[in-house]
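*Asks:* just coords:
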């Protein structure tokens, strides 16, 4: 234990005594490691930002039907039971899923042919911040629709539905309340989220069926199980989109999704990873080879001094530890210097792209675990590079030092 402590002290004193040579070693490592940290920071920051935008944007997990079909309650129950489905809800015919007019009586502003989208609990468009619209008189507006109407959450509007029935044009009006306004990054088009019962009621009215809950006249509802023309479906994650789209296509259902954009992001991630690891391998291999050669030259240059240490009783393990300890010093100081270079450079890069980033996003970013992993990898790499020099130091015989005594 005493020999180990003493050889570490001697390795440090020798490292400090030859400070110019030691500084060159440290700067050489910094020159290799700092660009790798910046490159990996860009790779992680860019891909992580794109991935988070894909994950956080509900539109990227949405799978919609192309055209109309007939989906019964059994189909929706089966889809709801799937673990890769986060949300699914029936939807009516496209022509029936709109309000003829939505008017703000206070200002006179109005919207015509406003699209209605069925919503409910766990709707990804609502997230944790909005309560799903309930009943036949609540709706959540997109920010563009709310802006044109000049309303905010808690205000009331007048809704109107028109139909052609029995050769006459008819219409009904009723009062609705705005329970929330979606942010523009969630929904940019003019639309309103409504409960499924309200969407069904408007479809029935247009079909000439009575809606007793709202006092709308018409024929008696048919006594058959209801089926729906469309659906709203969201995958549990972007990784589930491909499987869901494949399964739905296998059922003969034509669907649309953001699978191409998801595939592009995943391809970008793979290609950037390949580029990074190739550059990291070439740069690291070159530096470690250089460090190994320099440490070996250092052992050869100090052959006489090391042989004297062996002569006075230092064991073989202590002599092996001498170049390894100096390599660890180079690795630690070089890694710290590389991090000190990375920090201001990453801040500058993030500043250049600040207008393209959303709050909390970074174009160049490393997590603490990445920095710790880089430090540990550098230490192990330096220790491995010192193995050659350590092997040479282990072959020093005590007799080598006798000639110089």
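*Replies:* Sure thing, it's come through. What you see is a predicted model, and the numbers here were worked out from it, not measured in a lab.

*Asks:* mind checking which helix or strand of this structure has the lowest mean pLDDT?
*Replies:* The element with the least model confidence among the helices and strands of the chain, by mean pLDDT, DSSP states H and E, is helix 399-402, at a mean of 55.

*Asks:* following the helix or strand hosting residue 20, which helix or strand shows up next?
*Replies:* Secondary structure assignment for residue 20, by DSSP states H and E: helix 19-56. Once the chain leaves helix 19-56, the next helix or strand it forms, by DSSP H and E, is strand 62-65.

*Asks:* How is the protein divided into domains?
*Replies:* Residue ranges for the structural domains of the chain, counted by automatic domain parsing, are given in the record as 2-55+264-402, 93-227.

*Asks:* any idea how far the last one is from the chain center?
*Replies:* This means domain 93-227. Mean C-alpha position of domain 93-227 versus that of the full chain (CA atoms, centre = their mean, to the nearest Å) differs by 34 Å.

*Asks:* picking that back up, what are the buried residues along the helix holding residue 20?
*Replies:* The neighbour-count criterion (16 or more other CB atoms under 10 Å) identifies 22, 25-26, 28-30, 32-51, 54 as the buried residues of helix 19-56. Backbone N, C-alpha and C define where each C-beta goes, glycine included.

*Asks:* follow-up on the earlier one: now render the domains of the chain as a markdown table, adding distance to residue 247.
*Replies:* Formatted as a markdown table, those follow (distance: least, CB to CB, whole Å):
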| stretch | distance to residue 247 |
| --- | --- |
| domain 2-55+264-402 | 20 |
| domain 93-227 | 20 |
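
*Asks:* To residue 239, which of these lies closest?
*Replies:* Smallest distance to residue 239 across those (CB to CB): 8.8 Å, for domain 2-55+264-402.

*Asks:* residue ranges of the strands in the stretch 301-405 of the chain, please?
*Replies:* For the stretch 301-405 of the chain, no strands are identified by DSSP state E, counting those that start in this stretch.

*Asks:* Okay, now the unreliable bits of it?
*Replies:* Flagging of the stretch 301-405 of the chain using pLDDT under 70 yields the residue ranges 301-319, 357-358, 360, 388-405.

*Asks:* so where's the stretch 1-150 of the chain uncertain?
*Replies:* 1, 3, 7, 51, 54-56.

*Asks:* can you give me the helices in the stretch 51-200 of the chain?
*Replies:* Ranges of helices within the stretch 51-200 of the chain are 73-80, 143-149, 196-206, based on DSSP state H, counting those that start in this stretch.

*Asks:* Looking at these, which one is packed in the most?
*Replies:* Of all the helices of the stretch 51-200 of the chain, helix 196-206 has the most neighbours on average by mean count of other CB atoms under 10 Å, namely a mean of 22.

*Asks:* by contact count, what packs against that helix?
*Replies:* Using 3 or more CB pairs under 8 Å, 6 or more residues apart in numbering; DSSP states H and E as the contact test, the elements touching helix 196-206 are strand 85-91, strand 110-119, strand 156-165.

*Asks:* re earlier: could you name the helices and strands sitting against the helix holding residue 20?
*Replies:* Contacts of helix 19-56 with other secondary structure elements, assessed using 3+ CB pairs under 8 Å, 6+ apart, are made with helix 259-301, helix 316-352, helix 368-394.

*Asks:* Swap in 6 Å and give it another go.
*Replies:* Helix 19-56 is packed against helix 259-301, helix 316-352, with contacts defined by 3 or more CB pairs under 6 Å, 6 or more residues apart in numbering; DSSP states H and E.

*Asks:* Phi and psi next, for residue 137.
*Replies:* Here the main-chain torsion angles of residue 137 (degrees, to the nearest 10) amount to phi -140, psi 20.

*Asks:* Which residue, other than its chain neighbours, is closest to it?
*Replies:* Closest residue in space to residue 137, ignoring its immediate chain neighbours: residue 176 at 4.9 Å, by CB to CB, 6 or more residues apart in numbering.

*Asks:* For the one you found, list the residues it contacts.
*Replies:* The contact partners of residue 176, taken as CB atoms under 6 Å, 6 or more residues apart in numbering, are 137, 139, 157, 159.

*Asks:* Looking at those residues, which one is closest to residue 351?
*Replies:* residue 139 (41.5 Å).

*Asks:* gap between the residue nearest to residue 66 when sequence neighbours are not counted and residue 140?
*Replies:* Using CB to CB, 6+ apart and skipping residues adjacent in sequence, the residue nearest residue 66 is residue 254, 4.1 Å away. Computed with CB to CB, to the nearest Å, the distance linking residue 254 and residue 140 is 29 Å.

*Asks:* Show me which of these two is the more surrounded one.
*Replies:* Legend: neighbour count by other CB atoms under 10 Å for residue 254 and residue 140, higher for residue 140 (26 against 11).

*Asks:* Quick check: that one touching residue 181?
*Replies:* No - with the criterion set as CB atoms under 6 Å, residue 140 and residue 181 do not qualify as a contacting pair; they are 7.2 Å apart.

*Asks:* picking up where we left off before, mind checking which of the helices and strands packed on helix 19-56 is nearest residue 381?
*Replies:* Among the helices and strands packed on helix 19-56, if distance is taken as CB to CB, the winner is helix 259-301, at 5.5 Å.
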